[in-house]
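Colleague: Sequence and predicted structure are below.
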Amino acid sequence: MAIFGLSPALLVLFVGFGLLIGILFGFFGMGGSFLVTPALLVMGYPSRVAVGSGLAFVFGTSVIATLKHRDLGQVDYKLGVLMIAGTTAGIEVGKEVVLHLEDLGLAGSIISVTYVVLLGGIGVFVTYEAVTGSDGGIDHDAADDPADADEIPDIAKTIQSYRVPPMIDLRGGVTVSLWMILGVAFATGLLSGFLGVGGGFIRMPALFYLIGVPVPIAVGTDLFEIVFSGGIGSFTYALDGGVNLSIVLPLLAGSALGARIGSAATSIVDEDEIKVYFGVMLLGGAVAVAVRELGNVYGIDAFDVVSLVLILGSALLVSGAVVYSTVSALRERTTVTAQAAD
């Protein structure tokens, strides 16, 4: 019997896929359209439906995850609104750059190379910094207290040192110039508009490494931004019939639980582990995109399937690691509490 117009097997696949992505989305503040859209394309859905349904799913999941992060006190609304303003302007400029490159016939190759290099570069940087501990790291328990100067990344310290009025006080005890925030937002928006992606994998590390807010707040605030970008994008595609609810609803059914698990995990799992998992996720994505582009260049359709397997494999591996780390941390806390009671 078909439910939502889908066979039982396909329904289970979409619900399970939604659960997987929901965990990643709630934990990292990214991962939705980055995974859903290519999966739907490989499954044979038209590009308009794949993109539109992916955006609608991102919107719904980001609302769920943002509400959970709000309950944990991990959303900085002031920073989120400022970032939305800056990224919106940057996206428009990025689109104009793409249009100019299209006129020159260079858009496809340049965007693909930039995407792989940027995705892989951020993945290597974040993983290296987390493993070596050279960025210091900010304790989750101190997210609402003034951040120690030694716990802020060096780049963020430099940006915060430019005391250009007006100065803005942010969650996590961070004070930074309004113009620095808008500058970072514009730069991340420019890359988002140029690459044609939501930009979560750019904004989340930018909020931590450039502005200096704690990672849990960076994730929650990034999700708050995605509520707006995903909502506007999905509404635009829905007007043109690009949103297929038989795809979106089962995905959201799974992600409703996954997003809350991933969001709750950010307050339990060690912050350096979050950054390691994030870096591994990006590296897997970079390899997957590179394989897909090679397939396009050489006309090897099988590379699309290989690319999808790489994306889903890295997502499954990382989400499994998130759940395992969360359970381990909870067991450790329970043990410590029991020993303290004795």
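Modeller: Cool, got the structure.
Colleague: shaky segments in the stretch 151-300 of the chain?
Modeller: By pLDDT under 70, the low-scoring segments of the stretch 151-300 of the chain are 151, 196-199, 271.
Colleague: all strands for it, in order.
Modeller: 167-170, 174-177 (DSSP state E, counting those that start in this stretch).
Colleague: These: which one's closest to residue 262?
Modeller: strand 167-170 (23.0 Å; C-beta to C-beta). C-beta coordinates here come from the backbone N, C-alpha and C atoms, glycine included.
Colleague: With only the CA atoms kept, save the closest one in CSV.
Modeller: Provided in CSV are the C-alpha atoms of strand 167-170 (Å, rounded to 0.1, in the frame of the first residue of the first chain):
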residue,chain,number,x,y,z
MET,A,167,30.7,47.6,19.0
ILE,A,168,28.3,44.7,19.4
ASP,A,169,28.1,42.4,22.4
LEU,A,170,27.4,38.7,21.5
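Colleague: which residues are contacting that strand?
Modeller: Strand 167-170 is contacted by residues 76, 78-79, 82, 175-178, 181, 211, 213, 217 when judged by C-beta atoms under 8 Å, 6 or more residues apart in numbering.
Colleague: So how do I select the buried members of these in PyMOL?
Modeller: Only the buried members of those enter the following PyMOL selection, criterion being 16 or more other C-beta atoms under 10 Å:
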select buried, resi 76+79+82+176+177+181+211+213+217
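Colleague: Quick check: of the contacts of strand 167-170, which lies closest to residue 115?
Modeller: Checking the contacts of strand 167-170 against residue 115 with C-beta to C-beta, the nearest one is residue 211 at 23.5 Å.
Colleague: residues touching that closest one, list them.
Modeller: Residue 211 neighbours (C-beta under 8 Å, 6+ apart): 79, 156, 159-160, 170, 174, 176, 180-181, 184.
Colleague: again, but for residue 70
Modeller: residue 220.
Colleague: Am I right that it is in a helix?
Modeller: Yes. Counting by DSSP: H, G, I helix; E, B strand; the rest coil, residue 70 is part of a helix.
Colleague: what's near enough to touch residue 177?
Modeller: Here residue 177 is in contact with 162-168 (C-beta under 8 Å, 6+ apart).
Colleague: can you give me the helices for the stretch 51-200 of the chain?
Modeller: 77-104, 107-132, 154-161, 178-195, 200-206 (DSSP state H, counting those that start in this stretch).
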